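1. This is the structure alone, sequence omitted:
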(Lines give C-alpha, C1' and ligand atoms only; values in the text may rest on other atoms or scores of the structure.)
Protein backbone atom coordinates (compact mmCIF):
# COMPACT_ATOMS: atom_id res chain seq x y z
CA UNK A 1 0.00 0.00 0.00
CA UNK A 2 1.59 3.25 -1.15
CA UNK A 3 -1.26 5.71 -0.84
CA UNK A 4 -1.00 6.98 2.71
CA UNK A 5 0.17 10.41 1.57
CA UNK A 6 1.28 11.94 -1.70
CA UNK A 7 4.96 11.11 -2.37
CA UNK A 8 7.34 14.03 -2.07
CA UNK A 9 9.95 14.67 -4.73
CA UNK A 10 13.28 15.59 -3.20
CA UNK A 11 16.10 17.17 -5.13
CA UNK A 12 19.73 16.49 -4.45
CA UNK A 13 21.82 18.23 -1.83
CA UNK A 14 25.44 19.13 -2.49
CA UNK A 15 28.57 17.90 -0.76
CA UNK A 16 30.05 14.67 -2.14
CA UNK A 17 32.20 12.53 0.16
CA UNK A 18 33.62 10.08 -2.40
CA UNK A 19 34.26 10.60 -6.08
CA UNK A 20 31.31 8.42 -7.10
CA UNK A 21 28.74 9.70 -4.64
CA UNK A 22 27.15 12.89 -3.38
CA UNK A 23 25.08 14.04 -0.43
CA UNK A 24 21.40 13.25 -0.85
CA UNK A 25 19.62 14.43 2.32
CA UNK A 26 19.95 14.29 6.11
CA UNK A 27 18.96 11.04 7.78
CA UNK A 28 16.51 12.97 9.98
CA UNK A 29 14.83 14.46 6.91
CA UNK A 30 14.24 11.01 5.42
CA UNK A 31 12.45 9.88 8.58
CA UNK A 32 10.37 13.05 8.78
CA UNK A 33 9.28 13.09 5.12
CA UNK A 34 8.35 9.40 5.15
CA UNK A 35 6.57 9.67 8.55
CA UNK A 36 8.67 6.78 9.84
CA UNK A 37 9.57 8.86 12.89
CA UNK A 38 5.88 9.32 13.74
CA UNK A 39 5.17 5.61 13.21
CA UNK A 40 7.87 4.49 15.62
CA UNK A 41 6.79 7.13 18.12
CA UNK A 42 3.50 5.22 18.52
CA UNK A 43 3.32 2.72 21.41
CA UNK A 44 4.41 -0.75 20.27
CA UNK A 45 0.95 -2.18 20.98
CA UNK A 46 -0.51 0.27 18.42
CA UNK A 47 1.75 -0.87 15.55
CA UNK A 48 2.65 -4.50 16.25
CA UNK A 49 0.52 -5.78 13.33
CA UNK A 50 1.93 -3.31 10.81
CA UNK A 51 4.89 -3.24 8.44
CA UNK A 52 5.93 0.37 7.78
CA UNK A 53 8.37 1.12 4.98
CA UNK A 54 9.64 3.87 2.68
CA UNK A 55 8.94 3.48 -1.03
CA UNK A 56 11.55 4.89 -3.41
CA UNK A 57 10.76 5.69 -7.05
CA UNK A 58 13.48 7.21 -9.30
CA UNK A 59 12.02 9.84 -11.67
CA UNK A 60 14.25 8.50 -14.44
CA UNK A 61 12.56 5.31 -15.64
CA UNK A 62 15.92 4.04 -16.88
CA UNK A 63 17.19 3.97 -13.30
CA UNK A 64 16.28 0.83 -11.37
CA UNK A 65 16.08 0.81 -7.60
CA UNK A 66 18.51 -2.10 -7.85
CA UNK A 67 21.08 0.46 -9.02
CA UNK A 68 20.23 2.99 -6.31
CA UNK A 69 22.68 3.02 -3.40
CA UNK A 70 22.05 4.98 -0.20
CA UNK A 71 24.68 5.12 2.54
CA UNK A 72 24.45 6.80 5.94
CA UNK A 73 27.71 8.54 6.86
CA UNK A 74 28.01 8.84 10.65
CA UNK A 75 30.70 9.05 13.30
CA UNK A 76 30.87 5.26 13.51
CA UNK A 77 31.56 4.89 9.82
CA UNK A 78 29.37 4.17 6.79
CA UNK A 79 26.20 2.07 6.82
CA UNK A 80 24.38 1.08 3.58
CA UNK A 81 20.58 1.29 3.67
CA UNK A 82 19.11 -1.95 2.24
CA UNK A 83 16.55 -1.43 -0.55
CA UNK A 84 14.52 -4.48 -1.60
CA UNK A 85 13.57 -5.49 -5.15
CA UNK A 86 10.30 -3.53 -4.94
CA UNK A 87 12.14 -0.31 -4.10
CA UNK A 88 11.18 -0.41 -0.44
CA UNK A 89 13.39 0.62 2.45
CA UNK A 90 12.67 -0.37 6.06
CA UNK A 91 14.26 1.86 8.67
CA UNK A 92 14.15 1.89 12.46
CA UNK A 93 15.16 5.34 13.75
CA UNK A 94 18.73 5.38 15.05
CA UNK A 95 18.97 7.86 17.98
CA UNK A 96 22.73 8.33 17.56
CA UNK A 97 22.44 9.18 13.87
CA UNK A 98 19.66 11.63 14.65
CA UNK A 99 21.66 13.30 17.42
CA UNK A 100 24.69 13.86 15.20
CA UNK A 101 22.62 14.88 12.15
CA UNK A 102 24.04 12.09 9.98
CA UNK A 103 23.88 12.50 6.20
CA UNK A 104 22.76 10.07 3.51
CA UNK A 105 24.93 9.74 0.42
CA UNK A 106 23.76 8.46 -2.97
CA UNK A 107 25.49 7.11 -6.06
CA UNK A 108 23.03 8.90 -8.36
CA UNK A 109 24.04 12.03 -10.32
CA UNK A 110 22.79 15.53 -9.51
CA UNK A 111 20.16 15.30 -12.24
CA UNK A 112 18.61 12.22 -10.62
CA UNK A 113 15.57 12.70 -8.42
CA UNK A 114 13.81 10.13 -6.27
CA UNK A 115 10.19 10.29 -5.09
CA UNK A 116 9.87 8.97 -1.56
CA UNK A 117 6.68 8.18 0.25
CA UNK A 118 5.38 6.13 3.18
CA UNK A 119 3.98 2.67 2.67
CA UNK A 120 2.25 0.32 5.09
CA UNK A 121 1.32 -3.36 4.90
CA UNK A 122 0.00 -5.82 7.42
CA UNK A 123 2.68 -7.99 8.99
CA UNK A 124 2.38 -11.58 7.80
CA UNK A 125 2.05 -13.68 10.98
CA UNK A 126 4.40 -16.59 11.48
CA UNK A 127 3.57 -20.00 10.04
CA UNK A 128 0.42 -20.93 8.11
CA UNK A 129 -2.13 -20.99 10.94
CA UNK A 130 -3.17 -17.74 12.59
CA UNK A 131 -5.91 -16.28 14.72
CA UNK A 132 -8.31 -14.02 12.87
CA UNK A 133 -7.21 -10.99 14.89
CA UNK A 134 -3.52 -11.57 14.14
CA UNK A 135 -4.23 -10.68 10.51
CA UNK A 136 -7.45 -8.69 10.37
CA UNK A 137 -6.63 -6.68 13.48
CA UNK A 138 -4.14 -4.87 11.25
CA UNK A 139 -6.99 -2.93 9.60
CA UNK A 140 -8.27 -0.94 12.61
CA UNK A 141 -4.68 -0.62 13.82
CA UNK A 142 -3.62 0.82 10.46
CA UNK A 143 -6.49 3.31 10.32
CA UNK A 144 -5.72 4.54 13.84
CA UNK A 145 -1.99 4.82 13.06
CA UNK A 146 -2.58 6.65 9.78
CA UNK A 147 -4.82 9.15 11.55
CA UNK A 148 -2.19 9.91 14.17
CA UNK A 149 0.66 10.07 11.67
CA UNK A 150 -1.24 12.33 9.26
CA UNK A 151 -2.32 14.73 12.00
CA UNK A 152 -4.18 17.71 10.53
CA UNK A 153 -4.11 16.02 7.11
CA UNK A 154 -5.93 12.90 8.37
CA UNK A 155 -9.10 13.91 6.50
CA UNK A 156 -7.22 13.32 3.24
CA UNK A 157 -5.78 9.97 4.28
CA UNK A 158 -7.32 6.75 2.89
CA UNK A 159 -9.38 4.40 5.01
CA UNK A 160 -8.15 0.80 4.96
CA UNK A 161 -10.96 -1.67 4.26
CA UNK A 162 -9.30 -4.95 3.31
CA UNK A 163 -6.17 -7.11 3.36
CA UNK A 164 -4.90 -8.69 0.15
CA UNK A 165 -2.87 -11.84 0.70
CA UNK A 166 -0.38 -12.35 -2.13
CA UNK A 167 1.04 -15.82 -2.84
CA UNK A 168 3.68 -17.21 -5.16
CA UNK A 169 1.37 -20.08 -6.14
CA UNK A 170 -2.30 -21.12 -6.00
CA UNK A 171 -3.45 -21.31 -2.38
CA UNK A 172 -6.50 -21.61 -0.17
CA UNK A 173 -7.50 -19.94 3.08
CA UNK A 174 -9.93 -21.55 5.53
CA UNK A 175 -11.49 -19.63 8.40
CA UNK A 176 -12.93 -21.93 11.08
CA UNK A 177 -16.06 -19.91 11.88
CA UNK A 178 -18.60 -21.32 14.35
CA UNK A 179 -21.34 -21.16 11.72
CA UNK A 180 -19.21 -23.22 9.34
CA UNK A 181 -15.85 -23.01 7.68
CA UNK A 182 -15.33 -20.19 5.20
CA UNK A 183 -13.01 -21.04 2.33
CA UNK A 184 -11.29 -18.72 -0.10
CA UNK A 185 -9.13 -19.56 -3.14
CA UNK A 186 -6.59 -17.39 -4.91
CA UNK A 187 -7.57 -15.57 -8.10
CA UNK A 188 -5.63 -15.49 -11.38
CA UNK A 189 -3.00 -13.27 -9.73
CA UNK A 190 -2.57 -15.68 -6.79
CA UNK A 191 -4.27 -13.23 -4.44
CA UNK A 192 -7.03 -13.41 -1.85
CA UNK A 193 -8.84 -10.31 -0.60
CA UNK A 194 -10.29 -10.46 2.91
CA UNK A 195 -12.59 -7.87 4.44
CA UNK A 196 -13.38 -7.67 8.17
CA UNK A 197 -16.45 -9.57 9.37
CA UNK A 198 -18.00 -8.28 12.61
CA UNK A 199 -19.01 -11.78 13.70
CA UNK A 200 -15.55 -13.19 13.08
CA UNK A 201 -13.95 -10.26 14.89
CA UNK A 202 -15.86 -11.35 18.02
CA UNK A 203 -15.18 -15.07 17.53
CA UNK A 204 -11.51 -14.67 16.60
CA UNK A 205 -11.39 -18.08 14.86
CA UNK A 206 -8.35 -19.85 13.44
CA UNK A 207 -7.22 -19.11 9.88
CA UNK A 208 -5.44 -21.96 8.08
CA UNK A 209 -3.51 -21.46 4.83
CA UNK A 210 -2.20 -24.03 2.37
CA UNK A 211 0.82 -21.80 1.67
CA UNK A 212 2.43 -18.81 3.27
CA UNK A 213 1.85 -15.45 1.48
CA UNK A 214 4.83 -13.26 0.65
CA UNK A 215 2.85 -10.09 1.33
CA UNK A 216 -0.30 -8.87 3.11
CA UNK A 217 -1.21 -5.61 1.41
CA UNK A 218 -3.49 -3.13 3.15
CA UNK A 219 -5.99 -1.69 0.68
CA UNK A 220 -8.63 1.04 0.75
CA UNK A 221 -11.05 -0.88 -1.52
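-> Nice, thanks for sending it over. In this text the structure is predicted, and so the values were computed from the model without any measurement.

2. confidence score at residue 55?
-> We have a pLDDT of 94 for residue 55.

3. cool, and residue 10?
-> Confidence at residue 10, expressed as pLDDT, is 41.

4. repeat for residue 185
-> pLDDT at residue 185 comes out at 98.

5. which residues does it contact?
-> 170-173, 192 (Cβ atoms under 8 Å, 6 or more residues apart in numbering). Any C-beta I mention is one placed from the backbone N, CA and C, and that applies to glycine too.

6. Which of the helices and strands in the chain ranks last by mean pLDDT?
-> When each helix and strand of the chain is scored by mean pLDDT, DSSP states H and E, strand 8-10 comes last, with a mean of 40.

7. hmm, back to that, which two in the contacts of residue 185 are spaced the farthest apart?
-> Spatial extent of the contacts of residue 185 (Cβ to Cβ) is set by the pair 170 and 173 at 11.6 Å.

8. Between those two, point out the one with more neighbours.
-> Using other Cβ atoms under 10 Å as the criterion, residue 170 and residue 173 rank with residue 173 on top: 22 against 12.

9. where does that one land in three-state SS?
-> When classified by DSSP: H, G, I helix; E, B strand; the rest coil, residue 173 comes out as strand.

10. Any idea how far apart the tips of stretch 67-75 sit?
-> 26 Å (Cα to Cα, to the nearest Å).

11. Buried residues in that stretch, which are they?
-> Within stretch 67-75, the residues that count as buried by 16 or more other Cβ atoms under 10 Å are 68, 70-74.

12. Would you format those as JSON lines with pLDDT, secondary structure and distance to residue 32 included?
-> Listed next are the buried residues of stretch 67-75 as JSON lines, based on pLDDT from 0 to 100; DSSP: H, G, I helix; E, B strand; the rest coil; distance: Cβ to Cβ, whole Å:
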{"residue": "68", "pLDDT": "90", "secondary structure": "coil", "distance to residue 32": "20"}
{"residue": "70", "pLDDT": "95", "secondary structure": "strand", "distance to residue 32": "16"}
{"residue": "71", "pLDDT": "96", "secondary structure": "strand", "distance to residue 32": "19"}
{"residue": "72", "pLDDT": "97", "secondary structure": "strand", "distance to residue 32": "15"}
{"residue": "73", "pLDDT": "96", "secondary structure": "strand", "distance to residue 32": "18"}
{"residue": "74", "pLDDT": "96", "secondary structure": "strand", "distance to residue 32": "17"}
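
13. and the most far-flung residue of the chain relative to its centre, what does it touch?
-> When distances are taken from the C-alpha mean of the chain, residue 179 lies farthest, 34.7 Å away, according to Cα atoms, centre = their mean. By Cβ under 8 Å, 6+ apart, the residues touching residue 179 are residue 199.

14. now it, what's its secondary structure?
-> Three-state assignment for residue 179 (three-state DSSP): coil.

15. what's the pLDDT at it?
-> 96.

16. Residue 117 now?
-> 89.

17. That one should be in a helix, yeah?
-> No: using three-state DSSP, the assignment for residue 117 is strand, not a helix.

18. That one: how many residues sit nearby?
-> 19.

19. low-scoring stretches of the chain, by residue?
-> 1-19, 152-154 (pLDDT under 70).

20. ok, now with 50
-> 1-18 (pLDDT under 50).

21. Can you pull the domain assignment for this structure?
-> 8-120, 124-219 (automatic domain parsing).
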